[in-house]
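Chemist: quick one, what's the 3D model for this:
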Amino acid sequence: MTASGLPMPGGTGGERELLEQWLDLHRATLAAKCEGLSDEQLRRTSAPPSGLTLLGLVRHLANVERHWFRRMWRDEDSAPLYCTETDRTLSFVVTEADTGAEALAVWRREVDRARKAAAERALDEVAVHPRRTDWQTSLRWMYLHMIGEYARHNGHADLLRERIDGATGF
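Modeler: Predicted structure coming up:
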């Protein structure tokens, strides 16, 4: 565990175990950045001209989990969340009607489904991209991609949270 109670990945272990632990650390970090905030705070933008918000990040990452794990690995015909096939940036756009409780519940559901989809597959197993049928990816690649996606957005989340109430770090 980290000093703030987040699940610190082990220093040794198998490849899959370590990949899952690092992805889970990043997932837990996002949740921690949103913890204890009101809907208004979750909708608060970073700094002009950016419209980035913690709520938008949660919505975006729910969609990313859904796309990579459900659409790629379960071949589910699940429509994108909060956006369209042609405009993926819409998941970042939030309104006064959007709530943290709803977005976090959807994100947690997508994380649970992602874990189940990945558990059924080997790291070397390959899936065909649903929109780019000439491109394939292994589950190993997907774990690495997701760790990078969360790491980038958790950096954003850290800055957003610091702007809201001064909290930084894990």
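
Chemist: could you use CA atoms for every contact and neighbour count after this?
Modeler: Noted.

Chemist: now the residue of the chain positioned farthest from its centre: how far from Leu123?
Modeler: For the chain, the largest distance from the centre (Cα atoms, centre = their mean) belongs to Asp134, which lies 25.5 Å off. Relative to Leu123, Asp134 is positioned 20 Å away (Cα to Cα, to the nearest Å).

Chemist: now do His129
Modeler: In terms of Cα to Cα, His129 sits 16 Å off from Leu123.

Chemist: what of Trp107?
Modeler: 23 Å.

Chemist: output the lowest mean pLDDT helix or strand found in this structure.
Modeler: The least trusted helix or strand in the chain, going by mean pLDDT, DSSP states H and E, turns out to be helix 72-73, with a mean of 74.

Chemist: can you name the next helix or strand after it?
Modeler: Proceeding N to C from helix 72-73, the next assigned helix or strand is helix 100-119, under DSSP states H and E.

Chemist: what's the spacing between that following helix and its chain's center?
Modeler: 9 Å (Cα atoms, centre = their mean, to the nearest Å).

Chemist: surely the residue farthest from the centre of the chain is within a strand?
Modeler: No. Asp134 is assigned coil when assessed by DSSP: H, G, I helix; E, B strand; the rest coil, not a strand.

Chemist: which residues touch it?
Modeler: Val128 (Cα atoms under 8 Å, 6 or more residues apart in numbering).

Chemist: can you report phi and psi for the closest residue to Ser138 other than its chain neighbours?
Modeler: Leaving aside its sequence neighbours, Ser138 sits nearest to Val126 (Cα to Cα, 6 or more residues apart in numbering; 4.3 Å). Main-chain torsions, Val126, degrees, to the nearest 10: phi -120, psi 140.

Chemist: residue nearest the centroid of the chain?
Modeler: Leu61 (3.2 Å).

Chemist: got the buried residues for the longest helix belonging to the chain?
Modeler: Longest helix in the chain, counting residues (DSSP state H): helix 139-165. Buried residues in helix 139-165, defined by neighbour count with 16 or more other Cα atoms under 10 Å: 139-140, 142-143, 146-147, 150-151, 153-154, 156-161, 163.

Chemist: ditto for stretch 80-98
Modeler: So for stretch 80-98, counting by 16+ other Cα under 10 Å, buried means Pro80, Leu81, Tyr82, Cys83, Ser91, Phe92, Val93, Val94, Asp98.

Chemist: shaky segments in the protein?
Modeler: 1-4, 74-77, 170 (pLDDT under 70).

Chemist: that older thread, ok, the residue farthest from the centre of the chain to Arg121 distance?
Modeler: Here Asp134 is placed at a distance of 21 Å from Arg121 (Cα to Cα).
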